[in-house]
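# sequence and predicted structure below; questions after.
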Amino acid sequence: MTAPVIEVEDVWVRLRGHTVLEEVNVAVYPDDFYAIIGPNGGGKTTLLKVILGLLRPTRGTVRILGETGGAARRKIGYVPQFRTFDFEYPITVQEMVLSGRLGHITRIPRRYDEEDHTRAQEALETMGIAGLADRQIRNLSGGEQQRAIIARALVGDPKVLLLDEPTVYVDAPTAAQFYHILDWLRRQMAIVLVTHDIGVIPEHVTRVACLNRRLYTHDTNEITPDMIEAAYHCPVDLIAHGIPHRVFSEHVEEE
Ligand SMILES: Nc1ncnc2c1ncn2[C@@H]1O[C@H](COP(=O)(O)OP(=O)(O)OP(=O)(O)O)[C@@H](O)[C@H]1O
């Protein structure tokens, strides 16, 4: 059997006295398009931070390509939530994409070399924005900015791409285009997507998990009533009509 790209084993995270992740186990394989859904505050971003090595779990291990050290983490491409970017910052698309190489430069002084520029050019072409290279990011449309952010995550030649709610601020046609790009990218790398957009799951995703402190999954792309009840603590009859957490009429208090 192929080895996992990401292995999360018995991970617990406690922050300021609260258990945010509890006994989380998940393995992501090279041909996976893995979606993680769950209510606000359920721990999705925290899990991504643990996988990226930005947050040390209270307990448990994370292996990237079989290694626990930092070097393998360079094989992860990360697309943070849109709101974490300052699009008013005066920087061109090319400069922004190139900045994704910084973590890969070990020489001093940390200057970009020819390979960095070649990789940036390839990533711009992959995302179909080579023609925008000299434009300021603040002058791009939301969809173009989104492509630039993904290009930045691709310059390190990742084996897995982690995306945190990438379609929150884009319109439906742009989101559809975006999933088309992901379908194409997943031929080259595993994809882990944190999303509230459950409508895309049957069509694009190979496996889905619900995260609310604990992770609930059947290792398929089916969202089952028991997973939703466990993660959202809600009745499930309205699930098909939208984002579960917003549409349910009744809530059972968390124990
Ligand atoms: N640095 C921190 N210190 C204390 N608590 C934190 C910290 N970071 C996150 N938390 C808490 O951990 C919980 C999980 O947060 P997290 O951002 O991982 O959730 P999420 O599932 O990504 O939520 P959303 O869907 O709203 O983005 C929340 O209750 C949050 O308040």
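Looks like it came in fine.

# quick one: the strands in the stretch 51-200 of the chain, in order.
Assigned by DSSP state E, counting those that start in this stretch, the stretch 51-200 of the chain shows strands spanning 59-64, 76-79, 160-164, 190-194.

# tell me the pLDDT of the residue positioned nearest the centre of the chain.
Nearest to the mean C-alpha position of the chain, by Cα atoms, centre = their mean, lies residue 163 at 2.0 Å. At residue 163, the model reports a pLDDT of 94.

# I'd guessed it sits against residue 197; true?
No - look at residue 163 against residue 197 with Cβ atoms under 8 Å: they stay out of range, at 11.2 Å. The way it works is simple: take the backbone N, C-alpha and C, and place the C-beta from them, glycine included.

# which bits of the stretch 1-150 of the chain sit near the ligand?
15-16, 20, 38, 40-46 (Cβ under 6 Å from any ligand atom).

# 8 Å - rerun?
15-16, 18, 20, 38-49, 81 (Cβ under 8 Å from any ligand atom).

# check the stretch 151-255 of the chain too.
So far as Cβ under 8 Å from any ligand atom goes, the stretch 151-255 of the chain lies against the ligand at 164-165, 194, 196, 211.

# of those residues, grab the buried ones for ChimeraX.
Restricted to buried positions by 16 or more other Cβ atoms under 10 Å, the ChimeraX selection for those reads:
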select :164,165,194,196,211
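
# need the residues of the stretch 151-255 of the chain next to the ligand in JSON lines with distance to residue 129, can you?
Compiled in JSON lines, these are given as follows (distance: Cβ to Cβ, whole Å):
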{"residue": "164", "distance to residue 129": "21"}
{"residue": "165", "distance to residue 129": "21"}
{"residue": "194", "distance to residue 129": "23"}
{"residue": "196", "distance to residue 129": "26"}
{"residue": "211", "distance to residue 129": "32"}
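
# narrow the residues of the stretch 1-150 of the chain next to the ligand to those in strands?
15, 18, 20 (DSSP state E).

# and the last one, what pLDDT?
According to the per-residue confidence, residue 20 scores 96 in pLDDT.

# how near is the residue lying closest to residue 110 once chain neighbours are set aside to residue 108?
In space, and not counting its chain neighbours, residue 110 is closest to residue 102: 6.6 Å by Cβ to Cβ, 6 or more residues apart in numbering. To residue 108, residue 102 is 13 Å away according to Cβ to Cβ, to the nearest Å.

# more neighbours, these two?
Neighbours were tallied for residue 102 and for residue 108 using other Cβ atoms under 10 Å; the higher tally belongs to residue 102 (12 against 6).

# the more buried one is in contact with residue 111, isn't it?
No - contact criterion Cβ under 8 Å: residue 102 and residue 111 do not qualify, at 10.4 Å.

# so how far is residue 14 from residue 60?
For residue 60 relative to residue 14 (Cβ to Cβ), the value is 12 Å.

# of the two, which one has the most company?
Neighbours were counted for residue 60 and for residue 14 using other Cβ under 10 Å; residue 60 has more, 16 against 13.

# got the contact list for that one?
8-12, 24 (Cβ atoms under 8 Å, 6 or more residues apart in numbering).

# if we go to 10 Å?
8-13, 21, 23-25, 50 (Cβ atoms under 10 Å, 6 or more residues apart in numbering).
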